[in-house]
Every structure is written in structure tokens, then in C-alpha cells.
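Engineer: got a predicted model here, sequence first, then my questions.
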Amino acid sequence: MKKFDVAIIGGGIGGLMSAYRLTQERPDCKVILFEKGHSIEKRVCPIVAGKTKTCIKCASCSIMEGLAGAGAFSDGKYVISTEYGGWLPDFLPKKTVIDYIEEADKVLMSFGAPKERFMPSNELKKKCLEYDLHMSQAQLKHLGTDANFDTMSKMCTYLKERAEILCETDVYDVDRNTNTVYFRNKDGEQTVQADNIIFAVGRAGSRFFAEWCHTHDIPMTNNQVDVGVRVELPAIVWEHFSKKIYEPKIWYRSKKYGDITRMFCFNERGSVVMENTQGVLTVNGHAYKDEAKKTENSNFALLSTIRFTEPFKEPIEYARHVATLSNLISGGSVLVQRLGDLMNGRRTDAKRLAQSTVTPTLNAVPGDLSLCMPKRQLDNIIETLQALDKIAPGTMNYDTLLYGIECKYYSARPQTDENFMLKGCNGIYCVGDGAGFTRSLSQAAAHGIYVSDMILKK
Ligand SMILES: Cc1cc2nc3c(=O)[nH]c(=O)nc-3n(C[C@H](O)[C@H](O)[C@H](O)COP(=O)(O)OP(=O)(O)OC[C@H]3O[C@@H](n4cnc5c(N)ncnc54)[C@H](O)[C@@H]3O)c2cc1C
């Protein structure tokens, strides 16, 4: 059996940054990285490529899986802040988190990421506060989907020279006593042994990881789940924010339930996209830097946060069920509805959608979101839209489009020591979104580097 110093499961930004740090600091370090999706150059979503208008449920969803991970086709918003983007600041000093985010940024810049940053704006924060809306502050870089993909491609090419990278290779088990990794690919089932193993499986691998932890008696803490819609409207409605800070991240506590609803993942002049997470279709957004690919619309996620308490322990399953319902009533797709139709209690049909002054950027099925979205979340979303309309009038317009379901489920978090080594394991670590510590490119990247430093320190 082949032996390695470090085996990394998952080739998203967390796993890639881990591999980068290890091979930079110790060129003799034998690193193997497994990625169940395609290599980056083979990653093509048939919808984005214009080959089909609806999701054809590829065996491996190129939006979520493949070298460079879920971030490969993302808008490339790189957040330099501890105010949002994950829970690392709950486990590490804030300064350490920022230092590691900055280090990861330097790595990305060495592969071509831009230097320019949007700076926080107190003036806009004050405007939000006047209406009980709360804006998180951050320095932000916007790479754009195309430039982000290019930067990650260069990083992957660089790493292929320094580490063994196996794509289209699914890790299906790890023996925690012998640190043996079991994987399968076109050559069949194989094993390797590694002194250190890093689970960096992202959202696409969160179920596998949670089941593995459960089987190996590693205690897990449930995370929150966010369920809601993607809002699409004319770009000029939010231009006074986006031109200044690029991404408004604003949260609101509803008067009715006291729940938090968050506006985030803003895509200026972007497109709404469909994504397939383990068979369930949900929505998301993209924005390109290339002027030719820009649209007239901006879009953002508007999601209501739920934290379940006893006895319910399956928040991810809850979100999947809500999203599955929208897949069911749309005939295997996702729904789009005009806000005015939703408010008036009627379905948006093809005729009504055709009358919309906002042209949809995604070919979703016109329908009725109130048939699949739980009342509590729908109420929270409407109340938040009404509040947002005060700082960006036009948000509540009749033709504002709502796509559903969008959900962000954050993986359950395993118990680890201070170095993110899994409880009771010897040299088995976890990083990034799949382990419930992060929910952004910057924190997942920082986490990857941090854990590699802890391994190198050994
Ligand atoms: C459409 C979209 C847009 C986004 N936009 C932004 C943005 O602009 N800014 C931002 O900060 N964040 C954004 N995000 C979130 C960001 O992409 C994630 O936070 C980040 O990618 C997490 O990195 P990660 O390395 O933890 O996991 P991932 O990037 O998800 O990578 C994990 C990888 O592990 C692989 N894997 C899983 N299980 C296995 C297994 N058993 N064997 C082998 N491989 C496995 C997966 O295929 C995947 O490629 C976006 C996400 C999406 C989907």
C-alpha cells in the first residue's frame, strides 16, 4: 500500500490551500489529494454552457463538485472580515483568523487574483440602522466568476506538479485506527495510508462526513439551517450599495417571530443559477466580470435562519425536504414567482411571467412559492423585503422575482481539539464548510492553511 505524509479528501479551496501550504513549506512532504468531481478544466455545467435550459442531474454536479470545489464557478467574493463567512472566530482569536485570511489572499494574488478591495461604509450602515436593519462590515474583493475560475485553474496546475491529485476519485471510508483511506475510481477500489488525513469535503461531502463521524462515535453539534429565496430585480435598485461596497450583507430580526433573515450572496448584474446538491435542485447566483456576460438584473439570497432544538436533530434533512417540495411541484425544476403575485395569493403562470418588467435570467418554472415554503419562513422573507424596501425602494415592486428554494445548510460540526484534529483520532483533521466551521471562500481557505500549519508544527 502506498504511503503518504498527508492525504486530503476534497479539492475545494480548503483542501487546495492545505496542499499548497504543506508543499510550499516542506517540498519533500508527500501529499495526495482526492477529488470526487472532475478536474477543473473538465468542469462544465450544461446549463451555464447553454446546452440545456434545465438541470439534467449530471452524475457529478460541476457547480458543486470538482477540483476547486463549490467555489470554482462562484462569483469570487473574497471576504476579509470576521463578522461573517463562518464560525472560525468562535474557535480561534479574531486576529489569527484575519491573518490567515490575508495569507490565503496573498496565495490567490500570486495566481492572478486582483489587489483592489471594496472598503466598509459607515454611512450605509447608519442608513440601515435607521430601519432596524443591520449591515455586516467587511473589506471585500470581487474576482468575478471568470477571473475566479482562472485564478483557481492556475493554482490547480501549480499543485499538480507538487502533489498527487486524483480526480473523479471518491473516498468512501477512512479507517481511523490505521489511517487508511479507501477510495474508488475508474481503476477500481484502492487504499493508501497516510500519517495525517484532512477531511475537506465541503457541502457536497457533508452527509458522507457526518455519517462517518457518527459511525466512529465522534460527537457532532448541529448547525443552523437557512431557508428562503433568491431575489432578482433591476440592478439600479441596489446600485447605491453595490457601487460602494459591492456586497450588501444585511440582517433583520422579524417582529413577528424574532427570527433572523439575512440578505447576502449579492450578484451585481448577474444571473440566477440552479444547483444540484445530492439530487435536490436549489437556486444560487453568479456574476461575471466580463461586460459581455453581465445582465440588467442583480440578485441576492434572502434566507431565514432556523436553529432546531430537541428533539429534532436533522436540520439538513428539513431544508432538503423543503427544497424537494419545490422540485416536486415544478415538475423536477425550481420555481419562480413575481412578488406581487405572491402577495396577492396567486400563482405566477407563464402568461403573468411574460408580463413581468424584470426578465428572469434563469429558466425556472413559474409557480407559487407559498405551496412549498413553510409559513414562518415566508412571513420572515416578506417582512424583511418590506424593511429592505425602505433603504432600497423598488425592492418590493410587483415584478421583483423570487426563485425557490434556496437553502444553505451548514454541516454539523464534529468535536475536535484546538488544532481541529477529530476527537479520539490520531492525525485525522477536518477543515472548511463540510465540517461546519466555515461558509465562505476566505474562511475555508484560511482554515486549510491553518490546519496544515498545525500538521507541520508536529
Ligand atoms: C454557486 C456558489 C457561489 C458561491 N459564491 C461564493 C462567494 O462569492 N464568496 C464566498 O466566500 N463563498 C461563496 N460560495 C461558498 C464557497 O464556495 C464555499 O464556502 C467554499 O467553496 C468552501 O470550501 P471547501 O473547501 O470547504 O469546500 P468545497 O469548495 O465544497 O470543496 C469540497 C470538495 O470536496 C469534494 N468531495 C466531497 N466529498 C468527497 C469524497 N468523499 N471524496 C472525494 N472528494 C470529495 C467535493 O466534490 C468538493 O469539490 C459559493 C458557493 C456556491 C455553490
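Structural biologist: Yep, it's here. Only a predicted model underlies this, so the values are computations on that prediction, with no experimental measurement involved.
Engineer: enumerate the positions of stretch 436-455 that are buried.
Structural biologist: Within stretch 436-455, the residues scored as buried using 16 or more other CB atoms under 10 Å are 436-453, 455. In this view, the C-beta of every residue, glycine as well, is placed from N, C-alpha and C.
Engineer: filter those residues by proximity to the ligand?
Structural biologist: Among the buried residues of stretch 436-455, proximity to the ligand is found for 439, 440, 441, 442, 444 (CB under 6 Å from any ligand atom).
Engineer: so who does the residue in the stretch 351-458 of the chain that the ligand sits nearest to touch?
Structural biologist: Proximity of the stretch 351-458 of the chain to the ligand (CB to the nearest ligand atom) peaks at residue 432, 2.3 Å away. Neighbouring residues of residue 432 by CB atoms under 8 Å, 6 or more residues apart in numbering: 10, 12, 13, 14, 15, 200, 201, 202, 438, 444, 447, 448.
Engineer: try residue 30
Structural biologist: Each residue near residue 30 by CB under 8 Å, 6+ apart is listed here: 3, 4, 5, 6, 164.
Engineer: so it versus the ligand, what's the distance?
Structural biologist: 18 Å (CB to the nearest ligand atom, to the nearest Å).
Engineer: for that residue, give me phi and psi.
Structural biologist: phi -90, psi 110 (degrees, to the nearest 10).
Engineer: what do you get for residue 394?
Structural biologist: Per degrees, to the nearest 10, the backbone of residue 394 is at phi 110, psi -20.
Engineer: again with residue 284
Structural biologist: When read as degrees, to the nearest 10, the backbone of residue 284 gives phi -160, psi -170.
Engineer: same deal with the one 10 residues further on?
Structural biologist: Backbone torsions of residue 294, given as degrees, to the nearest 10, read phi -80, psi 150.
Engineer: just checking, it touches residue 269?
Structural biologist: Yes. The pair residue 294 and residue 269 qualifies as a contact (CB atoms under 8 Å) at a distance of 4.1 Å.
Engineer: find residues that contact each of those two.
Structural biologist: Counting by CB under 8 Å, 6+ apart, the residues touching both residue 294 and residue 269 are residue 287.
Engineer: for the stretch 151-300 of the chain, which residues are neighbours of the ligand?
Structural biologist: Within the stretch 151-300 of the chain, the positions adjacent to the ligand are 170, 171, 200, 201, 202, 203, 204, 205, 208, 275, 284 by CB under 6 Å from any ligand atom.
Engineer: and residue 294 and residue 269? Which one has more around it.
Structural biologist: Neighbour count, other CB atoms under 10 Å: between residue 294 and residue 269, residue 269 has more, with 20 against 16.
Engineer: got a list of what the more buried one touches?
Structural biologist: Counting by CB under 8 Å, 6+ apart, the residues that residue 269 touches are 235, 287, 294, 295, 296, 297, 298.
Engineer: quick one: which of these is most hemmed in?
Structural biologist: Of the contacts of residue 269, with other CB under 10 Å as the count, residue 287 tops at 28 neighbours.
Engineer: burial of the nearest residue to that one once chain neighbours are set aside, as a residue count?
Structural biologist: Excluding its sequence neighbours, the residue lying closest to residue 287 (CB to CB, 6 or more residues apart in numbering) is residue 270, at 3.1 Å. A count of nearby residues for residue 270, using other CB under 10 Å, gives 25.
Engineer: residue 270 and residue 222, how far apart?
Structural biologist: Going from residue 270 to residue 222 by CB to CB, to the nearest Å gives 32 Å.
Engineer: how about residue 255?
Structural biologist: 27 Å.
Engineer: higher neighbour count, the two?
Structural biologist: residue 222 (19 against 9).
Engineer: can you pull out the helices in this structure?
Structural biologist: For the chain, the helices defined by DSSP state H occupy 13-25, 94-110, 122-129, 145-160, 206-215, 239-245, 315-329, 339-343, 350-354, 375-391, 441-457.
Engineer: closest one to residue 189 among these?
Structural biologist: Smallest distance to residue 189 across those (CB to CB): 15.9 Å, for helix 206-215.
Engineer: by contact count, what packs against that closest one?
Structural biologist: strand 170-175, strand 220-221 (3 or more CB pairs under 8 Å, 6 or more residues apart in numbering; DSSP states H and E).
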